[in-house]
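J.: here you go, sequence then predicted model.
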2 protein chains.
Amino acid sequence: MFVILVYDVNEKRVAKALKTCRKYLTWIQNSVFEGDIGEANLKKLKLELNKMLHNDEDSVILYRFESLNYSRREVIGQEKNAQEFII
Amino acid sequence: MFVILVYDVNEKRVAKALKTCRKYLTWIQNSVFEGDIGEANLKKLKLELNKMLHNDEDSVILYRFESLNYSRREVIGQEKNAQEFII
């Protein structure tokens, strides 16, 4: 399935969260990731994040799309990961 | 169309960016918004953000979906806007 993930975590845990998410998804910009991922890997990713994050401070939001990709991604301002940027 | 918007802006401009995005979309969590929006309003939103943001520091990422809604939204950790939260 196609997934968009956005996190907002305490800065103490940002580096670790970034590393974990990049194992499974493509880093798009700041705290935004996307990619095709299977159920098994998504489960692993969620387990790893659950272990690492502090539920009283951090949050991760995960959009799942069964099959369809987004039709367009636009950026206003900085393109922090221009290399991966495709319209 | 259905839109997911994520911003990462300097804290000096967060309050203004939040206010602007909430005029057009539903605030989901932290810097994440979503909603159905027409072309005219999307154009207005982009214009307002372009005027307000500093392109060397801030960035906004905008996913556009022509018709389909996401099939599932999940949260790990804090639900900062639980009232609007629907699975």
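T.: Thanks, I have it.

J.: use CA for all of it now, contacts and neighbours both
T.: Fine.

J.: sec struct for residue A:33, please.
T.: Put simply, residue A:33 is strand when judged by DSSP: H, G, I helix; E, B strand; the rest coil.

J.: and it, how many residues sit next to it?
T.: 20 (other C-alpha atoms under 10 Å in any protein chain shown).

J.: these two touch, right, it and residue A:26?
T.: Yes - counting by C-alpha atoms under 8 Å, residue A:26 is a contact partner of residue A:33 at 5.4 Å.

J.: not counting its neighbours along the chain, what's nearest residue A:7?
T.: In this structure, residue A:7 finds its nearest non-sequential neighbour in residue A:60, 4.2 Å apart by C-alpha to C-alpha, 6 or more residues apart in numbering or on different chains.

J.: which helix or strand contains the one you found?
T.: Residue A:60 is located in strand A:59-65, with elements delineated by DSSP states H and E.

J.: for that strand, which positions count as buried?
T.: Using 16 or more other C-alpha atoms under 10 Å in any protein chain shown as the test for burial, strand A:59-65 gives A:59-65.

J.: hang on, the earlier thing: wait, the residue nearest to residue A:7 touches residue A:14, no?
T.: No - at 11.7 Å, residue A:60 does not count as touching residue A:14 under the criterion of C-alpha under 8 Å.
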